[in-house]
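A.B. asks: the following comprises the amino acid sequence and a computationally predicted model.
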Amino acid sequence: MARLAPANVARRLRGVSVAGWLRLAVVGCAALAVALALLAHALAPASNRSQALIGQSAPAFTLAAAQSDQTLAQPVRFAGHSAHPTLLVFFNTLCVHCVAGVQAAQAAAQTPGQPTAAVIYLDSPGENAEITGQYMARLQANPPVLLDKGAAVAQRYGVAYYPTIILVDAQGVVRAVWVGAPTVNELADAIARSQ
């Protein structure tokens, strides 16, 4: 087979009709659409199992924590219940939508005239205390934030997307789940109803 010189390729391409270019463009776009659909299907989790936890007892966990000064704090244990409702905020430092979720949870937990709630931030996969600490300091979020290395706790809670915010009442029962960033009012209303 003879090798095509660049000049020969250019001549052949110039000889292609407008209809030929359109067919080529349509086929190329269709192939790209199919490839993207297959990639999205392959990367998408089978389901968001966290919704199935509503009405169930929240799993307990113990995780290492990063403080805003980028040091490791003492491990924090969540027994599944506490004196107040608790917002579990699953986020990832690379997730642009997570900023709104972290900020909404913090604001809702501190809404004047509303019942208070504890907030536990869980960085999944939480591989680096320094990066997590810097992220939380930029957001001016109250430390500590727990490092969910390997997303083990996120898997136990069925978290498939970030941010996911889970409301656990004082008795340790999951009352609500938000996938994506809810509004402060949505969170504050759910906290008040969980009392």
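C.D. replies: Done, it's in.
A.B. asks: touching, S50 and V159? I think so.
C.D. replies: Yes. Using Cβ atoms under 8 Å as the test, S50 is close enough to V159 to be in contact (5.3 Å). All C-beta atoms are positioned from the backbone trio N, CA, C, and that covers glycine.
A.B. asks: between these two, who's got more neighbours?
C.D. replies: Shown here are S50 and V159; by other Cβ atoms under 10 Å, V159 has more neighbours (27 against 23).
A.B. asks: partner residues bridging the nearest residue to the more buried one once chain neighbours are set aside?
C.D. replies: Setting aside the residues directly before and after it, V159 is nearest to F90 in space (Cβ to Cβ, 6 or more residues apart in numbering), at 4.7 Å. Beta-bridge partners for F90, by DSSP bridges, are L122, T164.
A.B. asks: nearest residue to the middle of this structure?
C.D. replies: Note on the chain: the residue nearest the mean C-alpha position is Y162, at 1.0 Å, using Cα atoms, centre = their mean.
A.B. asks: and it, helix, strand or coil?
C.D. replies: When classified by DSSP: H, G, I helix; E, B strand; the rest coil, Y162 comes out as coil.
A.B. asks: return the distance of it relative to T183.
C.D. replies: 18 Å (Cβ to Cβ, to the nearest Å).
A.B. asks: where do the helices sit along the protein?
C.D. replies: For the chain, the helices identified by DSSP state H occupy 6-14, 18-43, 98-109, 129-139, 152-156, 184-193, in order along the chain.
A.B. asks: where does this structure have low pLDDT?
C.D. replies: Low-confidence segments of the chain (pLDDT under 70): 1-16, 21, 34-48, 67-73, 81, 143-144.
A.B. asks: please redo it, this time with the cut-off set to 90
C.D. replies: Within the chain, the ranges that satisfy pLDDT under 90 run 1-53, 64-84, 95-97, 106, 109-118, 125-146, 149-150, 160, 192-195.
A.B. asks: tell me the domain boundaries of this structure?
C.D. replies: Domain assignment of the chain by automatic domain parsing yields the ranges 6-43, 49-193.
A.B. asks: can you give me the buried ones in stretch 92-102?
C.D. replies: Within stretch 92-102, the residues scored as buried using 16 or more other Cβ atoms under 10 Å are N92, T93, C95, C98, V99, G101, V102.
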